[in-house]
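In: Provided below are the primary sequence and the corresponding predicted coordinates.
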Amino acid sequence: MSRTSPPLEPGPDQLEAHTRAVVELALEELRTLDRQPSFDLEGVEELRASFREPVPEEGHPIEALLARLRPAIAKSYNTAGPGYLAYIPGGGVYAAALADFLAATTNRYVGVTGAAPVLAQIEQTAVSWLCKLMGLPAGSRGILTSGGSLSSFSAIVTARHECLGEEFAAGSIYFSDQTHYCVTKSARLAGFPRASLRQLPTDARFRLDTRALDAAAREDRARGRRPFLVVANVGTTNTGAIDPLPEVLEIAREHGLWVHADAAYGGFFRLAPGGEALLRGVEECDSITLDPHKGLFLPYGLGALLVRDGAALVRAHSESASYVQDVAAEEGSLGFADLSPELSRDFRGLRVWLPLMLHGLGAFREQLAEKLALARWFHEELRKDPSFEVLDEPQLSIVAFRLRAPEADAERLGPELQRRVNARRRVFLSSTRIRGRYALRVCVLSFRTHEDRVRDAAQALKEEARALLA
Ligand SMILES: Cc1ncc(COP(=O)(O)O)c(C=O)c1O
């Protein structure tokens with residue numbers, strides 16, 4: 001049978017042509033990033049429909065496929081661009097893409113240490129760097145996950161295993177009304193009934209009310225429940241609030257609670273000047289969720305869970321079987337399959353190792369310091385403007401605010417302000433509800449976001465707010 005499709009193992013010329021074509025598209029994306037709109041969804045449904053297609057029996061030339069992908073990439077929120085100030089931006093440090101390319105091309109197996117001992121070591125080293133950066137002691141261990149949600153899941157499973165054993169339905173988990181929903185989702189996936197979930201109030205700056213934590217744990221124990229876990233926020237998604245970790249730790253010790261820090265967004269700010277004081281207590285926590293695809297600016301798909309007593313992670317996750325006897329782990333050569341829910345997976349360690357080795361930690365520290373400064377500058381701009389009510393001083397790099405208008409008007413005008421500012425296509429902002437009321441927010445986190453974009457955001461907001469309130 002004659003076939004025109006490229007074989008699964010293309011010849012050297014074709015291989016090179018494919019690679020060049022893909023790299024050209026990637027580099028063109030990067031070259032034009034600064035000029036691209038902050039989002040573009042015009043005509044997206046039509047384009048989307050064109051991708052509802054049957055699997056082809058014969059292949060297509062790579063050029064034709066890339067020509068289809070180019071507009072598909074463009075029809076989106078531009079999450080790689082400098083104007084992305086919505087949700088929690090990531091970024092996409094290019095060295096991580098190169099690491100992924102190399103990892104997928106060489107396709108070595110890092111789930112068990114014996115199959116690629118040096119590469120597994122690279123991943124272990126990368127994780128040990130993260131532990132060190134968070135101030136965790138020797139004996140801590142961690143895993144690289146697909147993101148903060150999966151890290152939270154493994155954290156809750158580990159705490160459950162250590163504190164409650166197999167009968168855990170009476171366990172109680174404490175967290176604030178600002179905690180990311182991945183925590184309750186993870187708790188449910190870990191088998192906890194709704195009755196185990198104790199949401200607690202926050203103070204004027206959206207930080208966990210520690211008196212409420214103490215009272216809830218006492219009350220639960222008196223009712224025969226088993227308090228075992230408190231999740232403390234190190235940077236909430238709404239406003240970047242940091243729970244009072246030293247107080248949380250003290251109360252937790254009194255009640256024998258495992259303290260898990262959700263530092264998915266905020267954790268890497270520990271690298272900025274003053275960061276250790278700002279995040280004081282994180283180094284004392286039992287486990288930490290940290291998202292390199294947020295504060296380390298890596299592409300989406302990289303979270304981490306760090307556990308103070310690394311053996312606890314192993315106890316909660318390890319299994320064995322005869323068909324892996326050749327690569328069975330001994331203490332000292334435990335692989336990530338022994339510490340995590342996964343077995344076969346991508347070589348994530350290289351995604352952390354290559355950017356840090358290539359750029360050095362200093363480059364990341366500078367970026368993080370800049371993001372904190374930009375958020376402070378933006379906050380000051382809006383605070384001085386009578387059109388805005390700013391909800392809190394930035395504790396990290398998020399500023400949440402609303403129009404200063406009677407409540408009914410603010411609910412109507414807020415989304416209109418967001419629509420108008422985003423329609424300028426220079427920045428992209430997302431909204432939320434805080435204590436039941438509509439709020440806009442700016443999160444400065446991309447390594448590509450600098451002063452010019454944050455100025456654009458402030459200016460657009462001021463101009464559109466003035467027009468709306470006139
Ligand atoms: C504070 C916080 N925790 C957890 C998560 C969940 O992380 P992921 O989206 O990587 O699963 C997020 C996501 O934005 C977050 O902001």
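Out: Here it is on my side, so go on.

In: How about exporting stretch 5-18 as PDB, limited to the C-alpha atoms?
Out: The C-alpha trace of stretch 5-18 is given here as PDB (Å, rounded to 0.1, in the frame of the first residue of the first chain):
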ATOM      1  CA  SER A   5       1.900  10.100   5.500                       C
ATOM      2  CA  PRO A   6       5.200  10.600   7.300                       C
ATOM      3  CA  PRO A   7       6.300   7.400   9.000                       C
ATOM      4  CA  LEU A   8       6.300   7.200  12.800                       C
ATOM      5  CA  GLU A   9      10.100   7.300  12.600                       C
ATOM      6  CA  PRO A  10      10.800  10.100  10.000                       C
ATOM      7  CA  GLY A  11      14.100  10.200   8.200                       C
ATOM      8  CA  PRO A  12      16.700  12.800   9.400                       C
ATOM      9  CA  ASP A  13      15.700  15.400   6.900                       C
ATOM     10  CA  GLN A  14      12.000  15.200   7.700                       C
ATOM     11  CA  LEU A  15      12.800  15.100  11.400                       C
ATOM     12  CA  GLU A  16      14.700  18.300  11.100                       C
ATOM     13  CA  ALA A  17      12.100  20.000   8.900                       C
ATOM     14  CA  HIS A  18       9.400  19.100  11.500                       C
END
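
In: which residues in the stretch 1-150 of the chain form strands?
Out: Remark: strands assigned in the stretch 1-150 of the chain by DSSP state E, counting those that start in this stretch are 39-40, 76-77, 141-145.

In: Quick check: which of those strands is buried the most?
Out: Comparing those by mean neighbour count (mean count of other C-beta atoms under 10 Å), strand 141-145 ranks first with a mean of 26. Quick note: C-beta positions are derived from backbone N, CA and C, even for glycine.

In: what about the closest residue to the ligand within the stretch 251-400 of the chain, distance to T236?
Out: For the stretch 251-400 of the chain, the residue positioned closest to the ligand under C-beta to the nearest ligand atom is A264, at a distance of 3.5 Å. Going from A264 to T236 by C-beta to C-beta, to the nearest Å gives 10 Å.

In: anything in contact with each of those two?
Out: The contact sets of A264 and T236 overlap at H180 (C-beta atoms under 8 Å, 6 or more residues apart in numbering).

In: Give me the pLDDT for the spatially closest residue to Y265 that is not a sequence neighbour.
Out: Excluding the flanking residues, the one nearest Y265 by C-beta to C-beta, 6 or more residues apart in numbering is G235, at 4.1 Å. On the pLDDT scale, G235 is placed at 98.

In: Also Q325?
Out: pLDDT, Q325: 81.

In: Can you tell me the SS state at it?
Out: What DSSP: H, G, I helix; E, B strand; the rest coil gives for Q325 is helix.

In: what about it, neighbour count?
Out: 8 (other C-beta atoms under 10 Å).

In: What of L468?
Out: 17.

In: Where does it fall, secondary structure wise?
Out: helix 451-469 (DSSP states H and E).

In: Also L372?
Out: Following DSSP H and E, one finds L372 within helix 361-383.

In: Distance from the chain centre to that helix, please.
Out: Helix 361-383 sits 18 Å away from the centroid of its parent chain (C-alpha atoms, centre = their mean, to the nearest Å).

In: Contacts only, for A26.
Out: By C-beta under 8 Å, 6+ apart, the contact set of A26 is A97.

In: Next, the buried residues of stretch 455-469.
Out: Buried residues in stretch 455-469, counting neighbours by 16 or more other C-beta atoms under 10 Å, are found at D456, A457, A458, A460, L461, K462, E464, A465, L468.

In: ok so, going back, identify the residues contacting the residue nearest to Y265.
Out: Contacts of G235 were listed using C-beta under 8 Å, 6+ apart, and they are A241, I242, A263, A264, Y265, G266, G267, F269, Q395, L396, I398.

In: ok, 7 Å please
Out: The neighbourhood of G235, defined by C-beta atoms under 7 Å, 6 or more residues apart in numbering, consists of I242, A263, Y265, G266, L396.

In: measure it to the ligand for me?
Out: Look at G235 and the ligand: by C-beta to the nearest ligand atom, to the nearest Å, they are 6 Å apart.

In: same check, this time on S431
Out: To the ligand, S431 is 15 Å away according to C-beta to the nearest ligand atom.

In: Hmm, V442 and that residue touching each other?
Out: No. Assessed by C-beta atoms under 7 Å, S431 is found out of contact with V442, at 10.9 Å.

In: what's the span of stretch 328-348, first residue to last?
Out: In stretch 328-348, first residue to last residue: 21 Å (C-alpha to C-alpha, to the nearest Å).
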